[in-house]
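*Asks:* Sequence plus the predicted model coming up.
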Amino acid sequence: MEYSINTRPLLQDSDTENEDIITQSYEETSVSVQNDKPLFKPPEPKDKYHMAYIIFYILGITTLLPWNFFITADDYWMYKFRDTTANLSSSYDKRTPLQAEFTSYLSLASSVPNILFLVLNTALNHKVSVQKRVIGSLIVMLILFIVTTVFVNIDTDKYQDKFFIITITCVVLLNISSAILSGSIFGIMGKFSPKYITATIGGQALGGIFAAIAQIISLTLGVSSVHSAFVYFMVGNTMIFITLISYVILSKTVFFKYHISEKTGITLNEFQNELVRPRIVDHKLILKKIFPYGTSVFLVFLISLSCYPGLTVLIESQNHGNGDPWADVYFVPVIAYLLFSTGDYIGRLLAGKIQKPRRGIWIVLLTVLRIVFIPLLIFSNAQPREHLPVLFHKDYEYIMILFVFALTNGYLANLSLICAPRVVDHHEKETASSMMTVFLGIGLAIGAAISLLIVKVI
């Protein structure tokens with residue numbers, strides 16, 4: 001009888017045929033733990049000088065920058081598409097077809113590509129690196145904003161139709177880039193703590209505040225619509241460039257790489273689970289896990305967009321028409337835009353601090369209760385109206401309603417986006433957060449469509 005002695009080191013990789021078969025069978029159903037992956041998670045690096053926090057704020061501002069700046073420059077678009085055969089004062093009394101239809105086309109050109117590419121980004125986020133998606137989308141946005149800025153000082157009166165097509169094309173491409181940027185940023189932020197999720201979400205609301213302040217300053221200084229638009233778009237160019245440089249800097253930090261890398265260490269329990277559980281991104285399973293939070297985000301923005309800004313911009317001060325500058329000039333930009341954006345911003349910050357309730361069913365219930373704001377705003381002093389009476393005549397009544405409306409929008413939206421990544425596994429967080437942006441985008445689109453119906457109903 002012959003005895004063979006196994007002299008192979010205990011931890012040496014197996015090279016026998018049977019073991020190869022077993023290994024191959026296992027790899028077909030799961031992703032095995034790599035040899036260079038530590039067993040325990042190393043301590044989290046510090047966010048030096050709060051650099052990552054600030055950059056996430058900047059990224060949040062930039063995700064909604066195209067929408068905020070194009071909407072704010074409404075006077076500029078009205079000037080570009082005016083009746084050039086009439087004098088300047090009378091050209092605003094009766095809108096041309098391009099003037100009347102531009103906002104609707106702007107909404108359509110924003111919402112449709114936004115939804116399509118949010119879905120596409122979710123499907124491809126594991127096939128195209130986040131670095132390429134973020135940097136590529138920012139470069140395209142910068143080029144398109146430069147093109148838009150150049151056209152500000154070009155006389156387009158003789159080819160308004162062509163300029164209209166060029167502008168809408170730029171809007172479509174901008175929103176494609178914005179959707180890819182938003183989906184990518186929301187995807188990676190799900191891997192960070194709620195503090196950084198709040199920074200990104202808060203940045204979106206802060207962008208609305210900046211746009212509203214810029215509009216108010218322009219009204220105060222009496223700046224022409226062309227000069228205002230030039231300033232808006234130059235600020236946009238600068239902001240996108242700063243965001244691009246900031247993201248490149250962020251992506252090179254140890255803090256960022258620690259959270260993004262799939263090879264960071266794991267706990268003992270997670271290690272044991274990974275041995276028996278496949279690391280496969282199952283979109284249906286992720287959707288099932290986050291569905292309550294996705295439903296909440298969908299309803300939050302559906303309800304909000306059904307009234308803001310389509311209905312709220314029509315609500316006038318009780319003293320409108322009396323020659324009071326506050327009532328006639330500043331009421332709508334200060335209340336409808338600045339107050340709403342401020343309340344929205346405060347709500348998002350509060351959600352980052354309080355984070356209650358956390359169960360999806362309770363968040364959905366609170367979101368459904370927000371439907372009450374739709375009739376409250378419909379019966380405020382929106383003008384003109386033909387069918388429904390005004391029940392809330394006083395300015396303070398409308399201001400209180402709008403502020404709570406904005407506060408709950410920010411709070412519930414941020415709370416849902418914070419809670420969703422917590423109910424999925426680590427390797428599912430990016431996909432889950434990207435899916436949340438799809439719910440958000442669909443809510444925005446349907447809400448905007450409902451807004452058109454509400455305006456006709458009143």
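*Replies:* Yep, that arrived. This one's a predicted model, so the numbers in the text were calculated from it and none came from an experiment.
*Asks:* I'd like the domain boundaries of this structure, if you could list them.
*Replies:* For the chain, automatic domain parsing gives the domain ranges 45-264, 273-458.
*Asks:* and Val147, what element?
*Replies:* Per DSSP states H and E, Val147 falls inside helix 130-152.
*Asks:* Please spell out which residues along the following helix or strand past that helix are buried.
*Replies:* Downstream of helix 130-152, the next assigned helix or strand under DSSP H and E is helix 160-189. For helix 160-189, the neighbour count (16 or more other CB atoms under 10 Å) marks 160, 163-164, 167-168, 170-189 as buried. (Each C-beta comes from the backbone N, C-alpha and C, glycine too.)
*Asks:* Return the list of helices and strands in contact with helix 160-189.
*Replies:* helix 51-63, helix 65-72, helix 74-80, helix 97-124, helix 130-152, helix 194-221, helix 429-457 (3 or more CB pairs under 8 Å, 6 or more residues apart in numbering; DSSP states H and E).
*Asks:* Try it again at 6 Å.
*Replies:* Applying 3 or more CB pairs under 6 Å, 6 or more residues apart in numbering; DSSP states H and E, one finds that helix 160-189 contacts helix 51-63, helix 97-124, helix 130-152, helix 194-221, helix 429-457.
*Asks:* how about those, which one is nearest Leu349?
*Replies:* Each of the helices and strands packed on helix 160-189 has some distance to Leu349 by CB to CB; the shortest is helix 194-221, at 5.9 Å.
*Asks:* For the stretch 201-350 of the chain, give me the ranges with low pLDDT.
*Replies:* Along the stretch 201-350 of the chain, segments meeting pLDDT under 70 span 262-279.
*Asks:* Show me the helices in it, by range?
*Replies:* 225-251, 254-260, 268-276, 283-305, 325, 331, 340-354 (DSSP state H, counting those that start in this stretch).
*Asks:* Would you mind saying which of these lies nearest Leu412?
*Replies:* Checking these against Leu412 by CB to CB gives helix 283-305 as the closest, at 5.0 Å.
*Asks:* gap between the closest residue to Gly136 other than its chain neighbours and Pro45?
*Replies:* Take Gly136 and drop its neighbours on the chain: the residue closest to it by CB to CB, 6 or more residues apart in numbering is Ile180, 7.6 Å away. Noted for Ile180: a distance of 28 Å to Pro45, by CB to CB, to the nearest Å.
*Asks:* Over to Ile176?
*Replies:* 34 Å.
*Asks:* ok, now Ala420?
*Replies:* As defined by CB to CB, Ala420 lies at a distance of 25 Å from Pro45.
*Asks:* In terms of packing, which of these two has more residues around it?
*Replies:* Remark: of Ala420 and Pro45, Ala420 carries more neighbours, 28 against 14, as counted by other CB atoms under 10 Å.
*Asks:* Excluding sequence neighbours, find me the nearest residue to Val423.
*Replies:* Closest to Val423 by CB to CB, 6+ apart is Lys289, at 4.9 Å.
*Asks:* Same question for Phe192.
*Replies:* Of all residues beyond its chain neighbours, the one nearest Phe192 is His259 (5.4 Å), with distances taken as CB to CB, 6+ apart.
*Asks:* Based on its surroundings, how many neighbours for the closest residue to Trp326 other than its chain neighbours?
*Replies:* The shortest distance from Trp326 to any non-neighbouring residue, by CB to CB, 6+ apart, is to Ser317 (7.2 Å). By the criterion of other CB under 10 Å, Ser317 has 19 neighbours.
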